[in-house]
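# Okay, predicted coordinates and the sequence, questions at the end:
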Amino acid sequence: MAREHRTLTDWSLFAILTALWGCAYGFTRLAVSQSDPDLGFPPEFIIPVRITIGAVVLLVAATLSRQNWPPLRAWRQWLAIAAMGTIGTAMPFLLITNAQQTVDSSLAALYVAAAPLFVAVLAHFLFQDDRISLAKAGGVAVGFAGVAVLFGPEAIASFGSASVFAQALCLTATAFYAFSTIIARYARDIPPFIFAAGFLCFGAVATWPMLLFVDFGALTPSPAAITGVIGLGIGPTAMASVFYMLLIQRTSATFLSMTGYTIPIFSAIVGYLAFREVQSWNALLAFILILGGVWLSQRKPTALAVKA
């Protein structure tokens, strides 16, 4: 049963997970070499390699931790691991990568930020201890409003140029992210290192075909780009996957999904400290709304009259 009261450990895990995923922005910028793409890697290389690095790191960690893998007859656990690797890892990456050929990053980010809305509704009907309350509904809504303030103007401006099919891909990726949180909630009995290592292995294999579209002879990566790919594999992929499972084991699916709102805040901090990117005033308002929404969603619940 997930506890309604959040402890300091819960919030610390939440912050660490936010930071790890938020670092993905900086590492990705290094990996693609935004200032000179000829010195970077294409997405078709970055995605499978970062997941593969993450899988290798966690396989070693799982071995050292001596946590036991599920027996082969435990097909439900293996199904959860496989589903998390494909639906929750490989498919969103593939869908968003394809969608961003016509969808601006701001619009894609706005679609992905809707994941907590999906999770809150699904969790209400699936988990007795994760019902929608007035505070939770208000917090999720306010948090999404913050993300909309952050990305909204650019996102709305790009609606017309983005194809309906590409936007459907983004929405599907969002649904997959939401489903992955539900899957992880059901798999809380699997040791964190084992579950994370297992689903990254499935995710890596599912994305390897992307390497067929990479012109390896044309790659001239800089040391910074190589560092970016390795950093993506270790931090936002391997370490984040473990903290993801540690957090879902202690809390709820909805609470975990709220990291989707706080990641842009940490990404903005990384952007300023590492690349001197200055945020606009609407970003400050957005951050206040996001943090307020996360806080509100975790207040003592008053049950809504929504029947499961």
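Received, thanks. Small disclaimer: the values here were computed from a predicted structure and weren't measured.
# Now do the strands in the protein.
For the chain, strands defined by DSSP state E do not occur.
# can you give me the helices in it?
Applying DSSP state H to the chain gives helices spanning 8-32, 43-65, 75-85, 91-99, 105-112, 115-126, 134-157, 164-186, 192-207, 223-232, 240-250, 253-257, 259-275, 281-297.
# Least confident of those, on average?
Across the helices of the chain, helix 105-112 has the smallest mean pLDDT, namely a mean of 71.
# and the residue nearest to residue 232 when sequence neighbours are not counted, how far is that from residue 122?
Closest residue to residue 232 apart from its sequence neighbours, by C-beta to C-beta, 6 or more residues apart in numbering: residue 50 at 4.0 Å. C-beta coordinates here come from the backbone N, C-alpha and C atoms, glycine included. Look at residue 50 and residue 122: by C-beta to C-beta, to the nearest Å, they are 27 Å apart.
# Which one's more surrounded, those two?
More crowded of residue 50 and residue 122, by other C-beta atoms under 10 Å: residue 50, with 31 against 20.
# Verify the stated contact: that one with residue 234.
No: using C-beta atoms under 8 Å, residue 50 is not in contact with residue 234, being 9.0 Å away.
# picking up where we left off before, which of the helices of the chain sits most buried?
The highest average neighbour count among the helices of the chain, using mean count of other C-beta atoms under 10 Å, belongs to helix 253-257 at a mean of 26.
# how near is the residue nearest to residue 232 to residue 41?
On the measure of C-beta to C-beta, residue 50 and residue 41 end up 10 Å apart.
# among the helices of the chain, which is nearest residue 215?
Residue 215 lies closest to helix 43-65 among the helices of the chain, at 9.5 Å (C-beta to C-beta).
# OK, contacts around the closest residue to residue 206 other than its chain neighbours?
Distance criterion C-beta to C-beta, 6+ apart; nearest residue to residue 206, sequence neighbours excluded, is residue 90 at 3.7 Å. Contacts here follow C-beta atoms under 8 Å, 6 or more residues apart in numbering; on that basis residue 90 touches 51, 202-203, 206-207.
# of those, closest to residue 77?
Nearest to residue 77 among these: residue 202, at 12.8 Å, using C-beta to C-beta.
# you'd agree the closest one is up against residue 82?
Yes: the criterion here is C-beta under 8 Å, and residue 202 meets it with residue 82 at 5.1 Å.
# okay, and the common contacts of the two?
Taking C-beta under 8 Å, 6+ apart as the contact criterion, residue 202 and residue 82 have no common neighbours.
# how much space between the residue nearest to residue 206 and residue 204?
According to C-beta to C-beta, residue 90 stands 8 Å off from residue 204.
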